[in-house]
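Participant: need a 3D model of the following:
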Amino acid sequence: MKIFILAPRENWIIDRISHEFVKTHPSLVTDDPYEADLIWAAAGWCWNHLPTDILQNKKILLTVHHEVPEKFAGDRLNSFLVRDQFVDQYHVPAQKTKDFISNYTNKPINVLSYWYDGEVWSPEDKAQCRSRLGLPSDKFIVGSFQRDTEGSDLITPKLEKGPDVFCDYVEKLSKEKDVHVLLGGWRRQYVINRLNESNIPFTYFELAPLDQLQKMYGSCDLYVVGSRHEGGPQSILEASAMKVPIISTDVGIASAVLAPNCVFDVSSKMYAPTEEDVNECFERVQAFELKPYTEKYIDLFREVVGSS
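Facilitator: Okay, the predicted model is just below:
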C-alpha cells in the first residue's frame, strides 16, 4: 500500500503532522499521486492541486479538521458538496466534527485524533526555558499559540478561535496574579491590541521553530484554549505531554485528553489546574503518542483502500 499525502506546505500544523507520519512510516508514502493506492487529502483547501483523473481513479480519504456552522454556507458549502462527489471516506479528529458534517454527506466518517511525538514533547525545566527565551522569572506566564485574527483585515477576531474569550480570561486573571502573556503563531493582532489596551505585558514569537516552541510551552504556568470550534487543537496534546497546566473549553479533543476539571466554559469560570489534574492529563495523553497511534491511521488507510 502506498499513500500520497496532500498537505498545504505552508508551515501549518498539518505539515508537521504529515512530516511525522512520513518519518515514522517512510515505506508507506510516495511523492507520486499516480503511484499511490490512496490519496490522503489532509487539507481540503488544497483540493484543486489534484488533477481530475486522480480524483476519479484513486481512493480518496479527506480530512475535515472542523467546520464553523455560522460560516458553512455559500461557497464553503458548495465546495464541500463538490469534493464529496470524489471522496470515499472522511477523517475527522473529533466527534463534534463528525456530528456536524454527517448532516451533509452519507460517506463513512472516521474519528481519529492527531498524535504527538513523545521525543519532542516532554516535560522541561521552567526556569531554564524562561532563561533561554529571555522571559521574566517572577511572572505568572499564560500561553496561547495559534492564529486568531481574520486574514482578510488582520483586525477582526476569528471568533471560532475565541481570542475574545482568551483576553477576557487573562484580564480577570491579571487582577489576581502578576500576569505576563506568551503568544505564538500568525495573525495575533486582535489579542495584541486587547493586551495593549489592558496594559498586560506580553512577549510574542510569531514563527517559532520547533525547539523554541518547546521552550515556550515549558515556560508557561498556564495554557488557555478559549476556542468555540476546533478539530484539536494540537496544543492540548503538546501541553499535556509537557505537564503544562492547561484549561480548555469543551472543543475538539479536549474531553478525550484532559482531566475533567480542566474542561469547562472558560468564558464564565476561573480555575487553576492542580498537580493532580496535570498528572491526569499527562497520563491520558500517553494514548496519543506518535508510534502506536499512527498504527490506527494505517488501519484506516487499509480499510479505505480495500473498500468497494
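
Participant: now the strands for this structure?
Facilitator: Secondary structure of the chain, counting by DSSP state E: strands at 3-6, 38-41, 59-63, 89-92, 109-111, 140-145, 179-184, 202-205, 222-225, 246-248.

Participant: which strands and helices sit next to the third one?
Facilitator: When you say that, I think you mean strand 59-63. Helices and strands touching strand 59-63, by 3 or more Cβ pairs under 8 Å, 6 or more residues apart in numbering; DSSP states H and E, are strand 38-41, strand 89-92, helix 290-306. Quick note: C-beta positions are derived from backbone N, CA and C, even for glycine.

Participant: which among these is found nearest to P163?
Facilitator: strand 89-92 (23.8 Å; Cβ to Cβ).

Participant: I'd say P157 and D168 touch.
Facilitator: No. In this structure P157 lies outside contact range of D168 using Cβ atoms under 8 Å: 11.6 Å.

Participant: of the two, which one has the most company?
Facilitator: P157 (20 against 16; other Cβ atoms under 10 Å).

Participant: what sits against that one?
Facilitator: 148-150, 163-164, 190 (Cβ atoms under 8 Å, 6 or more residues apart in numbering).

Participant: sorry, back to before: out of the helices and strands packed on strand 59-63, which is closest to T30?
Facilitator: Nearest to T30, of all the helices and strands packed on strand 59-63, is strand 38-41, at 9.9 Å by Cβ to Cβ.

Participant: give me the sheet partners of that closest one and which way each runs.
Facilitator: Sheet pairing of strand 38-41 (DSSP bridges) gives strand 3-6 (parallel), strand 59-63 (parallel).

Participant: need these in a markdown table (columns: mean neighbour count, distance to Y116 and mean pLDDT).
Facilitator: Compiled in a markdown table, these are given as follows (neighbours: other Cβ atoms under 10 Å; distance: least, Cβ to Cβ, whole Å; pLDDT from 0 to 100):
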| stretch | mean neighbour count | distance to Y116 | mean pLDDT |
| --- | --- | --- | --- |
| strand 3-6 | 22 | 18 | 94 |
| strand 59-63 | 22 | 17 | 95 |
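
Participant: which of those strands sits closest to P136?
Facilitator: Of all these, strand 59-63 sits nearest to P136, with 39.4 Å by Cβ to Cβ.

Participant: run through who's touching that closest one.
Facilitator: 14, 37-44, 83, 86-93, 300-301, 304-305, 307.

Participant: buried subset of those?
Facilitator: 14, 37-44, 83, 86-93, 300-301, 304-305 (16 or more other Cβ atoms under 10 Å).

Participant: okay, the strands paired with strand 38-41 in a markdown table with distance to P136 next?
Facilitator: Shown next, in a markdown table, are the strands paired with strand 38-41 (distance: least, Cβ to Cβ, whole Å):
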| stretch | distance to P136 |
| --- | --- |
| strand 3-6 | 41 |
| strand 59-63 | 39 |
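
Participant: so which of the ones you listed is nearest P69?
Facilitator: strand 59-63 (18.8 Å).

Participant: what about that closest one, distance to the chain center?
Facilitator: When C-alpha coordinates are averaged (Cα atoms, centre = their mean, to the nearest Å), strand 59-63 and its chain have centres 19 Å apart.

Participant: go on, stretch 225-237?
Facilitator: With Cα atoms, centre = their mean, you get 6 Å for stretch 225-237.

Participant: roughly how far does W12 sit from F21?
Facilitator: 15 Å (Cβ to Cβ, to the nearest Å).

Participant: which one of those two has more residues nearby?
Facilitator: Neighbour comparison, W12 and F21: the larger count goes to F21, with 23 against 14 (by other Cβ under 10 Å).

Participant: okay, now Q189: neighbour count?
Facilitator: Neighbours of Q189 (other Cβ under 10 Å): 17.

Participant: and the pLDDT at the spatially closest residue to T249 that is not a sequence neighbour?
Facilitator: Distances taken as Cβ to Cβ, 6 or more residues apart in numbering put V266 closest to T249, at 5.2 Å, once the chain neighbours are dropped. Looking at V266, its pLDDT reads 92.

Participant: again, but for I13
Facilitator: 83.

Participant: and if you look at L77?
Facilitator: 89.

Participant: contacting residues for the closest residue to it other than its chain neighbours?
Facilitator: Closest residue to L77 apart from its sequence neighbours, by Cβ to Cβ, 6+ apart: Y104 at 7.4 Å. The contact partners of Y104, taken as Cβ under 8 Å, 6+ apart, are 77, 80-81, 84.
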